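[1] I would like to see how this sequence folds:
(chains A, B and C)
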Amino acid sequence: MADENGTRSGKPEEFRKELEDAAKSKAAFGVKAQMNELAKRGISLKGRLLDIELMHYLLNPESDHRLTSLAQTYLGISLDEAPSSDLGSLFADDGGAPGEADHTKEAEAIRSLSGVLQAELAAAGMQKLYDEIEEPLISVLSQMELTGVKIDLSSLKDFAESLRTQMNAREAEIRGYAENQALNVSSPKQMGEVIFEQLKLDPKAKKPAKGNWPTDEETLSELSDRHPIIDALLDYRGLRKLLSTYIEPFPQYISEKDGRVHTTFNQALTSTGRLSSSNPNLQNIPIRTEQGREIRKAFVPGESGWVMMSADYSQIELRVMAHLCGDEHMRQAFREGQDVHAATAAKIFRKPVADVTADDRRMAKTANFGIMYGISSFGLAQRLKCPRAVAKKLIDDYFESFPSIRSFIDGTLAKARETLYTETMFGRRRYIPDINSHNANIRAIAERNAVNAPIQGTAADIIKLAMIRVSDRLQKEGLKARMVLQIHDELLLEVPENEIDAVKALLVEEMQGVMELSVPLTVECNYGKTWLEAH
DNA sequence: GTATTCTGG
DNA sequence: TTCTACCAGAATACG
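    Residues are numbered from 1 along each chain as shown, chains lettered A, B, ... in the order given. Alright, predicted model coming up:
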């Protein structure tokens, strides 16, 4: 941050004026964090935001974006480590305030880099992606981070106590079975030895050459008939996870100023263009188990008379794939609002939809996801717990039923081999340097990444654009409702009761209308007193 | 610091 | 012969 005197102008008031001057471009490294700090001091950063970290993230999402590396690579100059967070670097467009001579070397580097990287973006066809998606998203995310979300800890107290009691009982039970009161039940190494060496629950299992016995859920659930220690351990782990990850850490994240939790949305991190969330991660709050869902009940509106509202894209990645490959059968299924996994099953098993069994559907659903992730017959067999030959037949039938999906995959791979990158509908790139590797395993991983990145990345582009549109609309219409979280295909808002209808309509309209695909983008929107009820 | 495990999309 | 579905973050054990 700038010191109290301002670093560029003589007086703090002049500095504020420049920061809030929409006609002045601001270049910086990591604009969102600086925007947050300014906002806390009542200063609203305006004007073009040339974030060199974000620009470089677009140029190559998986590379190192540190300022020192960028200065070295693009300018050939060495900067000191531990860069200052001095806002003196914010000004891009002129020589600084009158009479100001001592620009830091770092600020000069940032200024130069902003020009160089903009040119690189234009050359790569990603100027619009920056200008129309990532740059406007900075202030949307800044606002979401500053707003935070209310987590009602008092509502979790009794639940936490109950979990602790259950967990302690399970721990004692496990130590009893193992006849070892010193056993660390949380140690996979120790539990592996108890299960496979002491109790010998799987006589066929061979000790791994290196490392420990595997004790993950998938392995253990196979053995649950053999001894009650298995279910006790799985139960213990589930309880412990909830307590140690989703309940006990939260008090430390609650701000003393507003009593809310403020996550950080990382905008320049993932390989595909998704956001991530950290400190705390609010994108992996449990929902699948009954006890896990209790946690979502604690996510509540900050004011009485408000509700939580959730709007999520239905099957967005599968729709993106249907659009990208142009498969007529899959597109038709979506257009007609069919159950797409059931429709897939009908096609690959060559039977009417009415005859599709739950098991047919489950296999087709697994296959659909598998295709998007660049499946192998071995991988599909493992997931379906079926013979590899059966899985291979399923994949063959799948591609025979959806030949355009195979063409899409082949075309994507061919282009990647040629250019060494793939791109989303919006031109976002992911480089695939190993696509021509002579090592089959490395090449296979690269191919899976190449197939998945345009699908996952296009979905990420779509929801980012929707966030910008929703934020604009809320502001233009003078609504008090505010976005608080994004969870990849879902937006969570808190909304005053008298705005419910307006916000619901606005969300559906903006999210569905982000862009026209050859399949409809459908959004489901619900609200309630808690996040759980809104979902 | 790495490995394991589990949470989400 | 080996490995095996994509993208993440956090807590914990252990060397």
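[2] ok, then the element right after the lowest-mean-pLDDT helix or strand in chain A?
    Among the helices and strands of chain A, helix A:377-384 carries the lowest confidence by mean pLDDT, DSSP states H and E, at a mean of 90. Using DSSP states H and E, the next helix or strand after helix A:377-384 towards the C-terminus is helix A:388-401.
[3] For DNA strand C, give me its nearest residue in the stretch 301-450 of chain A.
    Going by Cβ to the nearest atom of the strand, DNA strand C is nearest to A:Gly370 of the stretch 301-450 of chain A, at 2.2 Å. For glycine as for every other residue, the C-beta is placed from the backbone atoms N, C-alpha and C.
[4] wait, that residue sits on A:Phe378?
    No: A:Gly370 is beyond contact range of A:Phe378, at 11.1 Å (criterion: Cβ atoms under 8 Å).
[5] So which of these two has more stuff around it?
    Between A:Gly370 and A:Phe378, A:Gly370 has the larger neighbour count (other Cβ atoms under 10 Å), namely 20 against 11.
[6] so who does that one touch?
    The contact partners of A:Gly370, by Cβ atoms under 8 Å, 6 or more residues apart in numbering, come to A:Gly379, A:Leu380, A:Arg383, A:Ile395.
[7] which two from those end up farthest apart in space?
    Farthest pair in these (Cβ to Cβ) is A:Arg383 and A:Ile395. Separation: 12.1 Å.
[8] List, one by one, the residues from the stretch 201-350 of chain A near DNA strand B.
    Applying Cβ under 7 Å from any atom of the strand, we find that the stretch 201-350 of chain A lies next to DNA strand B at A:211-212, A:214-218, A:220, A:234, A:237-238, A:241, A:245, A:283-289, A:292.
[9] The stretch 401-535 of chain A too?
    Those residues of the stretch 401-535 of chain A that sit near DNA strand B, judged by Cβ under 7 Å from any atom of the strand, are A:Gln456, A:Ile487, A:His488, A:Asp489, A:Glu490.
[10] Select from those residues every entry located in helices.
    The helices, defined by DSSP state H, take in A:Gln456 from these.
[11] who wins for most neighbours among the residues of the stretch 401-535 of chain A next to DNA strand B?
    A:Gln456 leads those on contacts (other Cβ under 10 Å) with 24 neighbours.
[12] how close does it get to DNA strand C?
    Noted for A:Gln456: a distance of 6 Å to DNA strand C, by Cβ to the nearest atom of the strand, to the nearest Å.
[13] So that residue sits against A:Glu317, correct?
    Yes: between A:Gln456 and A:Glu317 there is a contact under Cβ under 8 Å: 6.4 Å.
[14] shared neighbours of the two, which are they?
    Common contacts of A:Gln456 and A:Glu317 (Cβ under 8 Å, 6+ apart): A:Met372.
[15] on that earlier part again, can you pull the pLDDT of the residue of the stretch 301-450 of chain A closest to DNA strand C?
    If you check A:Gly370, the pLDDT there is 94.
[16] next one: A:Pro12
    84.
[17] Could you report the neighbour count for it?
    Neighbourhood size, A:Pro12 [other Cβ under 10 Å]: 15.
[18] Please apply the same query to A:Ser78.
    11.
[19] for the stretch 51-200 of chain A, what are the low-confidence residue spans?
    A:81-103 (pLDDT under 70).
[20] DNA strand C contacts on that one?
    Residues of the stretch 51-200 of chain A lying near DNA strand C (Cβ under 7 Å from any atom of the strand): A:Asn184, A:Ser186, A:Ser187, A:Pro188, A:Lys189, A:Gln190.
[21] Thanks a lot, catch you later.
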